[in-house]
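Need coordinates for the below:
(chains A and B)
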Amino acid sequence: MTSPARDPGLQPERTALAWQRTVLGVVLGSLLLAAVNLRVGQPVLSVLAGLLAVATLVPAVLRPPSGGLPRDGVLRSWDFLVRVASLVGVLGLLGAASAVVSLV
Amino acid sequence: MTSAAHEPPDDAVSRGPGARAPDDRRPRSVYGVGEEPDVRFSLANERTALAWVRTGLGLVAGGVALTSFASLAEMSGFVDVIAAVACLAGAGFAAYALLSWRRNERAMRRGEPLPAPTGLPVLVAGVLVLALLVAGYAVTEVWRA
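Presented below is the predicted three-dimensional model:
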């Protein structure tokens, strides 16, 4: 979107905010999982969850998915979407692993 | 696309100064078909996909919270099973976010009607089942106490 006119519906801004709360949610979820695993004595799962939080937060801060407004005028959503969905998938697997570990 | 050669580009199709760069975006199954929709619709589609990701994240977070309570309060293993199922379902909905984004973007580019949100009834049924399982567990605990 190279048009100088602002979208009156603030679509890029809303999309950027949607990205921010999604990334924030993944980071908080990972940190919660890390803290819980530390508490129940699963240091390996705790470290993995902590690494997941870092892997989510650092790229999002260095190169924030801005929700549009890319330099060359076209949206590139797919790579960011794949990344955040994979992070949620890994968090889900870690959570399931932590449930299974506390089960046995 | 049809008359871009002799018309000044409007804001929906302008690609900055110079000629339009070849579209090399991935996935080709989306960007290789149809025409560029209004960017606002693509942004809305992106937000919808992110909402699905957050839905999955919510399920994962619920599972993590359940298993934390289960280990800290020494509940039965049944709660851990529910927690594991919730976490895996959350991961599944994150994957569904990608699928539905791809389907919707393809339909928009081809000017077709949007496909039905097939994940929605699955989500509703899944949340209902999880809620009933947790409620059933709570009731049996109260019963035994």
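
by contact count, what packs against whichever strand or helix holds residue A:47?
Element membership of residue A:47 [criterion: DSSP states H and E] is helix A:43-62. Under the contact criterion of 3 or more C-beta pairs under 8 Å, 6 or more residues apart in numbering or on different chains; DSSP states H and E, helix A:43-62 touches helix A:11-39, helix A:78-103. (C-beta placed from N, C-alpha, C; glycine too.)

Dump those helices into CSV; add distance to residue B:106 as well.
Converted to CSV, the helices and strands packed on helix A:43-62 look like this (distance: least, C-beta to C-beta, whole Å):
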stretch, distance to residue B:106
helix A:11-39, 19
helix A:78-103, 12
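
show me where pLDDT drops low in chain B?
Applying pLDDT under 70 to chain B picks out residues B:1-21.

The same query, at a cut-off of 50, please.
Applying pLDDT under 50 to chain B picks out residues B:1-18.

contacting residues around the single nearest residue of it relative to chain A?
Here chain B gets closest to chain A at one residue, residue B:91, 3.0 Å apart by C-beta to the nearest C-beta. Taking C-beta atoms under 8 Å, 6 or more residues apart in numbering or on different chains as the criterion, residue B:91 is in contact with A:88-93, A:96, B:56, B:60.

tell me the pLDDT at residue A:43?
You'll see residue A:43 listed with a pLDDT of 95.

where's it relative to residue A:37, distance?
7 Å (C-beta to C-beta, to the nearest Å).

neighbour-wise, which of the two wins?
residue A:37 (28 against 10; other C-beta atoms under 10 Å in any protein chain shown).

Is it correct that the more buried one is in contact with residue A:50?
No - in this structure, residue A:37 is not within contact of residue A:50 by C-beta atoms under 8 Å, at 9.2 Å.

The closest residue to residue B:59 other than its chain neighbours: which element?
Closest residue to residue B:59 apart from its sequence neighbours, by C-beta to C-beta, 6 or more residues apart in numbering or on different chains: residue B:90 at 3.3 Å. If you go by DSSP H and E, residue B:90 is part of helix B:77-110.

After that helix, which helix or strand is next?
Sequence-wise, the next helix or strand downstream of helix B:77-110 (DSSP H and E) is helix B:119-144.

Who are the packing partners of that next one?
helix B:39-72, helix B:77-110.

OK, contacts around residue 77?
Since you didn't name a chain, this refers to chain A. Here residue A:77 is in contact with B:42, B:45-46, B:49, B:101 (C-beta under 8 Å, 6+ apart).

if you could check chain B rather than the one you did, that'd help
A:103, B:70.
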